[in-house]
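S.K.: here are the coordinates; sequence isn't available:
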């Protein structure tokens, strides 16, 4: 009799073991799933969307050369700027677009006023300019400024609309606006 009683399993012990197994699977499975989705988005953006972008480019944008890191904005004006940072920072929680600019001429950097009017993503969505994303100013020579925008996951910027305020005389300025198609933007994964 004692043998048959010892072979019977305790139902509360089975449900506890089953619950522990399910919790372990969920605890390990969710972070692995998030990392795999992030990896898939990176691969999709870098490989597949690059080919689609070439095939679906608008003719008006195709006529303009895409700007990349190291290129100069407002080159024909006194307050020319060099792009020193152009990145998409990806983490498990968010995607961020970082833009950094340097003043080319250290003599006019005190008069430098730049505003990003908006940022058009490849999905067609428009993000507001530097109003919600103030420039971080580094008072080095040449003057450096940077700003970041939060992006929808998997979406990357296509066109930057930017304005520079050029001083004509001591008391007047002229607003110069440019539509800048962005070239291939490096994507950097930040593990947090």
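M.R.: Cool, got the structure. Keep in mind the model is a prediction, meaning the values are calculated, not measured.

S.K.: going forward, measure contacts between C-alpha atoms and count neighbours the same way
M.R.: Will do.

S.K.: doesn't residue 77 make contact with residue 103?
M.R.: No. Counting by Cα atoms under 8 Å, residue 77 is not a contact partner of residue 103; they are 11.8 Å apart.

S.K.: Show me the longest strand that occurs in the chain.
M.R.: strand 157-169 (DSSP state E).

S.K.: out of residue 103 and residue 77, which sits in the busier spot?
M.R.: residue 103 (24 against 12; other Cα atoms under 10 Å).

S.K.: Next one: residue 88, what pLDDT does it get?
M.R.: The model reports residue 88 with a pLDDT of 88.

S.K.: okay, now it: neighbour count?
M.R.: 23.

S.K.: swap in residue 91?
M.R.: 16.

S.K.: same deal with residue 41?
M.R.: 16.

S.K.: mind listing the helices in the protein by residue range?
M.R.: 2-7, 11-43, 49-55, 59-63 (DSSP state H).

S.K.: And for stretch 19-36, what's in contact with it?
M.R.: residue 92 (Cα atoms under 8 Å, 6 or more residues apart in numbering).

S.K.: mind listing what's buried in that stretch?
M.R.: For stretch 19-36, a neighbour-count test (16 or more other Cα atoms under 10 Å) marks nothing as buried.

S.K.: for the record, mean pLDDT for that stretch?
M.R.: 91.

S.K.: what's the spacing between that stretch and its chain's center?
M.R.: Once both centres are worked out by Cα atoms, centre = their mean, to the nearest Å, stretch 19-36 turns out to sit 28 Å from its chain's centre.

S.K.: Tell me, how many residues neighbour residue 189?
M.R.: 14.

S.K.: how much space is there between the closest residue to it other than its chain neighbours and residue 153?
M.R.: Nearest non-adjacent residue to residue 189, counting by Cα to Cα, 6 or more residues apart in numbering: residue 90, 4.6 Å away. With the distance defined as Cα to Cα, to the nearest Å, residue 90 ends up 9 Å from residue 153.

S.K.: Looking at those two, which one has more neighbours?
M.R.: With neighbours defined as other Cα under 10 Å, residue 90 and residue 153 compare such that residue 90 has more, 22 against 16.

S.K.: middle-most residue in the chain, spatially?
M.R.: residue 97 (2.4 Å; Cα atoms, centre = their mean).

S.K.: okay, now the domains of the protein?
M.R.: 2-54, 66-189 (automatic domain parsing).

S.K.: Below-threshold pLDDT in this structure: ranges please.
M.R.: 1-11, 48-64, 106-112, 130-142, 191-192 (pLDDT under 70).

S.K.: how about a cut-off of 80?
M.R.: Within the chain, the segments meeting pLDDT under 80 span 1-13, 44-66, 75-79, 104-114, 129-143, 165-173, 190-192.

S.K.: For the residue nearest to residue 189, list each beta-bridge partner.
M.R.: residue 95, residue 189 (DSSP bridges).

S.K.: these two touch, right, it and residue 187?
M.R.: Yes. Between residue 90 and residue 187 there is a contact at 7.0 Å, judged by Cα under 8 Å.
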